[in-house]
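no FASTA, just this:
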């Protein structure tokens, strides 16, 4: 499917719609209106209609969206219908917590390898994965065709890990270290950091 | 300081500027231009100038921004110059990882209490905190004047925890559970979820 260039804001909202729709699917709900989605997501229904209209006419007036069909469409748009392997670097508490992702997903996007440098951790099992030494990163990226790297190492090591992931050929990085990383323009970087989230909340709670 | 109503997008970027400026401060760098900030943050310098101009004329042509002054100003704007106590609910791997926040911050915004329901965990120490039973939440929110709650419990429990936090008087919630929560309009909710972040990345890496 050829789709026009879509803004990052829309792409970021699609997984939120997907999560909500998958919950409806589990509850065997067949159709949902943009109004109902708006209620559940605390969003403007017009925004939801506009976002989804980007990809074609999914909804029908008076009936709404067919849940199963829309789930499938969003998964196609996000390319979640293909296998994508993810590497996780940093097997501390955050890394272990995030590796639980595998347990709860039925997607083809999976954490396929986990790395650390701590000799105490290497060889230990985390779910179905075994913690490997970071020096095995490059080989693993090649062999497992890893496309995304998640960085959960302490801040001072994060740029070095990002450089290695990029060098190895990874095209997407999700950074959890509280530091701004630099990557080449062809690599897509997303950062999520509890400090910046908390600091943004601080503004609102005291108004 | 009276400031005009500022968009959420700007408020979300301020902590990112702050983090970068604090790093410059640690390196004893005195002034920085919007161009240099743009380079470090991979952002458009015009966007940075526009965001900061919201709060007054901080920069000077040809010299740039005074780092120490700008750090102080942003901290004032975000109200990080005041004590804010945070409660963390869910002492699993993610909760423990996030409680490390206290160790690395010099802000007055701190995690002041941590809760769980697991009898095995209650009474255990996490840094300087002791894990308390969730039934002590309401008392702790009152006594410690807790304003923000972080939710790191499994998805099925997250709405219940959010309801208790709101009922207890918390005005900001940072949700890490992979579920959409509903809170009253006077409570500010931010959600961060590895699944939605990974799914948004999946779109980009296959283009």
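Okay, I see it. Keep in mind it's a predicted model, so treat the numbers as computed, not measured. Residues are numbered from 1 along each chain as shown, chains lettered A, B, ... in the order given.

so what's the backbone phi/psi at residue A:62?
Note on residue A:62: backbone dihedrals following degrees, to the nearest 10 are phi 80, psi -20.

so how far is stretch A:24-41 off the chain centroid?
Mean-position distance between stretch A:24-41 and its chain equals 22 Å (Cα atoms, centre = their mean, to the nearest Å).

buried ones in it?
By neighbour count with 16 or more other Cβ atoms under 10 Å in any protein chain shown, stretch A:24-41 contains the buried residues A:24, A:31-34, A:36-38, A:40-41. Yep, even glycine has a C-beta here, placed from its N, CA and C like the rest.

now residue A:22, what's its secondary structure?
What DSSP: H, G, I helix; E, B strand; the rest coil gives for residue A:22 is helix.

ok, residues contacting the lowest-mean-pLDDT helix or strand in chain A?
The weakest-scoring helix or strand in chain A, judged by mean pLDDT, DSSP states H and E, is helix A:101-104 (a mean of 76). With contacts defined as Cβ atoms under 8 Å, 6 or more residues apart in numbering or on different chains, helix A:101-104 is touched by A:110-111, A:127-129, B:155, B:178, B:194-195, B:198.

helix or strand next in line after it, which one?
Downstream of helix A:101-104, the first helix or strand assigned by DSSP states H and E is strand A:109-116.

partner strands of that following strand, parallel or antiparallel?
The strands that strand A:109-116 pairs with in its sheet are strand A:84-89 (parallel), strand A:129-133 (parallel) (by DSSP bridges).

model confidence over it, on average?
Mean pLDDT, strand A:109-116: 95.

okay, buried residues for that strand please.
A:109-116.

check stretch A:133-144 too.
A:134, A:137, A:140-141.

same check on stretch A:145-154?
Buried residues in stretch A:145-154 (16+ other Cβ under 10 Å): A:146-153.

for the residues you listed, which one is nearest chain B?
Using Cβ to the nearest Cβ, residue A:147 comes nearest to chain B of these, at 4.7 Å.

wait, what's in contact with the residue of chain A positioned farthest from its centre?
Distance from the centre of chain A peaks at residue A:62, with 32.8 Å (Cα atoms, centre = their mean). By Cβ under 8 Å, 6+ apart, residue A:62 lies in contact with nothing.

doesn't residue A:31 make contact with residue A:68?
No - if you go by Cβ atoms under 8 Å, residue A:68 and residue A:31 don't touch, sitting 9.6 Å apart.

residues touching residue A:7, list them.
Residue A:7 touches nothing, counting by Cβ under 8 Å, 6+ apart.

measure it to residue B:198 for me?
Distance of residue A:7 to residue B:198, computed by Cβ to Cβ, to the nearest Å: 19 Å.

which pLDDT value belongs to residue A:42?
Looking at residue A:42, its pLDDT stands at 78.

quick one: average pLDDT of stretch A:119-129?
Here stretch A:119-129 scores 95 as its mean pLDDT.

just for chain A, where's the confidence low?
For chain A, the stretches flagged by pLDDT under 70 are A:1-4, A:55-59, A:207.

how about the strands in it?
With DSSP state E as the definition, chain A shows strands at residue ranges A:31-32, A:65-66, A:84-89, A:109-116, A:125-126, A:129-133, A:146-151, A:172-175, A:188-191.

helices and strands around the fifth one, which ones?
The helices and strands touching strand A:125-126, judged by 3 or more Cβ pairs under 8 Å, 6 or more residues apart in numbering or on different chains; DSSP states H and E, are helix A:93-99.

mind running it again at 7 Å?
Applying 3 or more Cβ pairs under 7 Å, 6 or more residues apart in numbering or on different chains; DSSP states H and E, we find strand A:125-126 packed against no helix or strand.

same deal with the last one?
Packing partners of strand A:188-191 (3+ Cβ pairs under 7 Å, 6+ apart): strand A:172-175, helix B:194-205.

of those, which is nearest residue A:162?
Across the helices and strands packed on strand A:188-191, residue A:162 has its closest neighbour in strand A:172-175 (5.9 Å, Cβ to Cβ).

can you list contacts of the closest one?
For strand A:172-175, the surrounding residues in contact (Cβ atoms under 7 Å, 6 or more residues apart in numbering or on different chains) are A:147-151, A:158, A:162, A:165, A:181, A:183, A:187-191, B:197-198, B:201, B:204-205.

these two touch, right, residue A:127 and residue A:97?
No - using Cβ atoms under 7 Å, residue A:127 makes no contact with residue A:97, being 11.6 Å away.

pick out whichever of the two has more residues nearby.
More neighbours surround residue A:97 than the other of residue A:127 and residue A:97, with 21 against 13 (other Cβ atoms under 10 Å in any protein chain shown).

got the contact list for the more buried one?
B:92-94, B:97.

dump those residues to TSV, plus distance to residue B:103.
Shown next, in TSV, are those (distance: Cβ to Cβ, whole Å):
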residue	distance to residue B:103
B:92	18
B:93	16
B:94	16
B:97	11
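
quick one on the thing from earlier: now, the most widely separated pair of the buried residues of stretch A:145-154?
With distances taken as Cβ to Cβ, the most widely separated pair in those is A:147 and A:153, at 19.4 Å.
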